[in-house]
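Participant: Predicted structure and sequence below. I'll ask about it afterward.
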Amino acid sequence: MRFGPRVDPAPKPTGPKSASADVSDQDHDHSELSEVALRVRALETLLVEKGYVDPAALDELIETYEHKVGPRNGARVVARAWSDPEFRMRLLNDATSAIAELGYGGRQGEHMVALENTPERHNLVVCTLCSCYPWPVLGLPPVWYKSAPYRSRAVNDPRGVLADFDVRLPADTAIRVWDSTAETRFIVLPMRPSGTDGWSEDQLAALVTRDCMIGTGLPKQPGEAA
Ligand code: FE
């Protein structure tokens, strides 16, 4: 099966909020809620009716992770590392505190490790057990990241998984797979695209995709920046 963007449609602006983290990155077609979404909605309704949950607080939580926390944070981290060699060293030595310099941290980002891609080694991140993911820098995990096929094949056939994402690396580039845990969360530091000398951090950040920080993608090339 493919894991690429085809199975992970971009989040659409949503109508009434009713979803938990798990549901928020599914296609929001409220006429055909999945069983999970229906169960979440039932649960939320019950919790609100009983007074255990404040719907406004829930909306704020979802809003935070859908729009304020997301892969643009990670892109800023990568762009800084590309621009500032000392920051890059700090990031590789102690990612949690380097990332905190940019103001990002908190839940699911307490023990960050940055993995630098080189011509010799490409890093790919998975959570074989469940879906551990660095929320403060990448936001909520995409649906495919949580899928059983990705979780098993990333380990058994990483090159095949990358091919599914249309990433083809030179044969002599080793692929190292890193298993996230509740303890450690990873961010991949991709290689800076050539032809970007003198670019500002904002320009560089525009080349950094979510997938290239998971290792299932590569940064955009200068001509592809929006
Ligand atoms: Fe996990």
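Facilitator: Looks like it arrived, so ask away.
Participant: Which stretches in this protein count as strands?
Facilitator: 112-116, 121-126, 174-179, 185-189 (DSSP state E).
Participant: Only the buried residues of the second one, if you could.
Facilitator: Residues of strand 121-126 classed as buried by neighbour count (16 or more other C-beta atoms under 10 Å): His122, Asn123, Leu124, Val125, Val126. (Glycine included, C-beta is placed from N, CA and C.)
Participant: which among the residues you listed gets closest to the ion?
Facilitator: When these are ranked by distance to the ion (C-beta to the ion), Val126 comes first, at 9.2 Å.
Participant: just checking, Thr196 touches Ala205?
Facilitator: No: assessed by C-beta atoms under 8 Å, Thr196 is found out of contact with Ala205, at 11.2 Å.
Participant: picking up where we left off before, let me know which of the strands of the chain is tucked in deepest.
Facilitator: strand 185-189 (a mean of 25; mean count of other C-beta atoms under 10 Å).
Participant: So which elements touch that strand?
Facilitator: helix 71-83, helix 85-93, strand 112-116, strand 121-126, helix 210-214 (3 or more C-beta pairs under 8 Å, 6 or more residues apart in numbering; DSSP states H and E).
Participant: residues contacting Leu189?
Facilitator: Contacts for Leu189 (C-beta atoms under 8 Å, 6 or more residues apart in numbering) come out as Val78, Ala81, Arg88, Leu91, Leu92, Ala114, Leu115, Glu116, Asn117.
Participant: can you rerun that using 6 Å?
Facilitator: Leu189 sits next to Ala81, Ala114, Glu116 when contact means C-beta atoms under 6 Å, 6 or more residues apart in numbering.
Participant: tally of neighbours for the first one?
Facilitator: I take that to be Ala81. 26 (other C-beta atoms under 10 Å).
Participant: sorry, back to before: now distance to Ile62 too, for the contacts of Leu189, in JSON lines please.
Facilitator: JSON lines is the format used below for the contacts of Leu189 (distance: C-beta to C-beta, whole Å):
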{"residue": "Ala81", "distance to Ile62": "30"}
{"residue": "Ala114", "distance to Ile62": "28"}
{"residue": "Glu116", "distance to Ile62": "33"}
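Participant: What is the nearest of those residues to Val48?
Facilitator: Ala114 (39.9 Å; C-beta to C-beta).
Participant: What is the distance between stretch 178-195 and the centre of its chain?
Facilitator: 10 Å (C-alpha atoms, centre = their mean, to the nearest Å).
Participant: let me fix that: stretch 183-199
Facilitator: The answer for stretch 183-199 is 14 Å, by C-alpha atoms, centre = their mean.
Participant: What of stretch 166-177?
Facilitator: With C-alpha atoms, centre = their mean, you get 20 Å for stretch 166-177.
Participant: Next, the residues that contact it from outside, please.
Facilitator: With C-beta under 6 Å, 6+ apart as the test, stretch 166-177 has contacts from Arg121, His122, Asn123, Leu124, Ala154, Val155, Pro158, Leu218.
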